[in-house]
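# generate coordinates for the sequence data below:
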Amino acid sequence: MTKNISSLIYISSLVFIISCERNLTNNKKLRTSNEIITYNTKFPTQEIQFFKEGQTEYISSIDYSTSKKISVNSINGEKKFDVDFKSVIENEKLSFNGYFPISIDTFALLSKYSNKVFLINKNGKVIFKKEYPRLFLEGVELYPPLYFNSGILRACIEVYYPYLDTLSKPASNHIRNLSEKLFIDSFFMKENYNTYLKMGNLYSRFTKDDEMSYEKCRFNFESNNILFHSIFSDSIYIFNREYKLIKAKQISSNKYDINLKPTKFNADKTNVKLSSKNAWYHTNFWKLLYDQHRDVFYCFIRGPYEESEFPFSIIVYDLEFNKLNERRFDKDIYKPNGFVGKKGLYIELHGENEMKEKEFEIFNYE
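The predicted model follows:
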């Protein structure tokens, strides 16, 4: 009897300890560190990217149209330098719509409508250029975002096959939905070409032939997998390094109903702005960030546009996309934009001088 009671006490204690550990885990949430970092760009920016040189963290931002510069700051807000690429635009007689910081002294630029990729140094001088004229002949155009890793170039693509104009919109859209969305050059720094197209049949998973799903492609390249998501879908599609689909995980929010769907072609004929309105006034899966320091994902869910701003929430997932926590953010204080550094998740703030500087508040999942 005494032995049975002792065993019961031991089991009860063990259950209590496990329960406490789970409660501790469940009590973790996104909490502000109350630390705000200001990045002084001195010009309006269309895109911000985090990068590292060794163990040192940096933030870069770009203005494609007015100043035509890249601004580089330390992660703590110290201004390092600007890269002026106006001379490249003038000499090459083209414009850019994508970039990627490869190192503290090397930046990649993607030209618009011409399938050219340039590498420039911090002085704005071209140190390498590669063109892909064959893609144009095949009806393929490179699009941002642009990615570099270990000498491999990746870029999104759109297809404009010449014969598509002879087909009906649903027929041509059927081909676009099935077409590949990712361009890879395995040896970018070499003169020869080792290129191929991958990631086909993405949009046909959630877009019908008579619907439009035009958007900027959203890929995350992690160490073992490639993640794809779309504002028109409520799922994350996980691919291995051989570009084979492993699984799809549905995203669910406690704060919003993810309900953005592609616009019908016939509906858009009566209102050319309807597709944009749909994206503005319906909730969508906006952004995905991976935190390698804490082994979690941050999923930004953007709510319907209201009072000149977008409300949003951030869902925290573990590596298997089990939901851990969700927090809604005040639209009058925060923007659905951010990046991850060693200190935590940096979320953009509304500022008084956003044309010349960007402010971020650091949050931690703890």
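# next helix or strand past the lowest-mean-pLDDT helix or strand in the chain?
Using mean pLDDT, DSSP states H and E, helix 2-26 stands out as the lowest-scoring helix or strand of the chain, at a mean of 44. Read in the C-terminal direction, the helix or strand following helix 2-26 is strand 30-40, with elements assigned using DSSP states H and E.
# from the chain's centre, how far out does that next one sit?
In terms of Cα atoms, centre = their mean, to the nearest Å, the centre of strand 30-40 is found 21 Å from the chain centre.
# quick one: low-confidence ranges for the stretch 201-350 of the chain?
Under the criterion of pLDDT under 70, the regions of the stretch 201-350 of the chain flagged as low confidence span 267-275.
# where do the helices of it begin and end?
Under the criterion DSSP state H, counting those that start in this stretch, the stretch 201-350 of the chain carries helices at the ranges 265-270, 274-280.
# so which helix or strand takes in G98?
Secondary-structure element containing G98, defined by DSSP H and E: strand 96-103.
# quick one: strands adjacent to that strand?
Using DSSP bridges, strand 96-103 pairs in its sheet with strand 106-111 (antiparallel).
# list the buried ones in the strand it pairs with?
Judged by neighbour count using 16 or more other Cβ atoms under 10 Å, the buried positions of strand 106-111 are F107, A108, L109, L110, S111. C-beta coordinates here come from the backbone N, C-alpha and C atoms, glycine included.
# same question, stretch 319-327
Of the residues in stretch 319-327, F321, L324, N325, E326 count as buried by neighbour count, 16+ other Cβ under 10 Å.
# stretch 292-303 too?
Of the residues in stretch 292-303, those with enough neighbours to count as buried (16+ other Cβ under 10 Å) are R294, V296, F297, Y298, C299, F300, I301, R302, G303.
# ok so, going back, return the closest of the buried residues of stretch 319-327 with respect to K169.
Using Cβ to Cβ, F321 is the member of the buried residues of stretch 319-327 that lies nearest K169, at 35.0 Å.
# how far away is the nearest residue to the closest one once chain neighbours are set aside from Y346?
Computed as Cβ to Cβ, 6 or more residues apart in numbering, the closest residue to F321 that is not its neighbour in sequence is K249, at 4.2 Å. Spatial separation of K249 from Y346 under the definition Cβ to Cβ, to the nearest Å is 25 Å.
# more neighbours: which of those two?
Regarding K249 and Y346, a neighbour count based on other Cβ atoms under 10 Å identifies Y346 as having more, with 26 against 15.
# now that one: how far from N91?
Between Y346 and N91 the distance, using Cβ to Cβ, works out to 36 Å.
# cool, and N259?
N259 sits 48 Å away from N91, going by Cβ to Cβ.
# how about the buried residues of strand 106-111 in TSV, adding distance to M199?
Listed next are the buried residues of strand 106-111 as TSV, based on distance: Cβ to Cβ, whole Å:
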residue	distance to M199
F107	25
A108	20
L109	23
L110	18
S111	22
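# so which of the buried residues of stretch 292-303 sit within strands?
Members of the buried residues of stretch 292-303 lying in strands (criterion: DSSP state E): V296, F297, Y298, C299, F300, I301, R302.
# can you pull out the strands in the stretch 51-200 of the chain?
Remark: strands assigned in the stretch 51-200 of the chain by DSSP state E, counting those that start in this stretch are 56-63, 69-74, 79-84, 96-103, 106-111, 116-120, 126-131, 140-149, 152-159, 182-185, 195-198.
# right, and those strands - which one's nearest F339?
strand 56-63 (7.4 Å).
# please state the offset of the closest one from the chain centre?
Here strand 56-63 is found 15 Å from its chain centre; the criterion is Cα atoms, centre = their mean.
# just checking, M189 touches F128?
Yes: if you go by Cβ atoms under 8 Å, M189 and F128 touch, sitting 6.8 Å apart.
# shared neighbours, these two?
Both M189 and F128 lack any common contacting residue under the criterion Cβ atoms under 8 Å, 6 or more residues apart in numbering.
# how much space is there between S223 and H174?
Taken as Cβ to Cβ, the spacing of S223 relative to H174 amounts to 35 Å.
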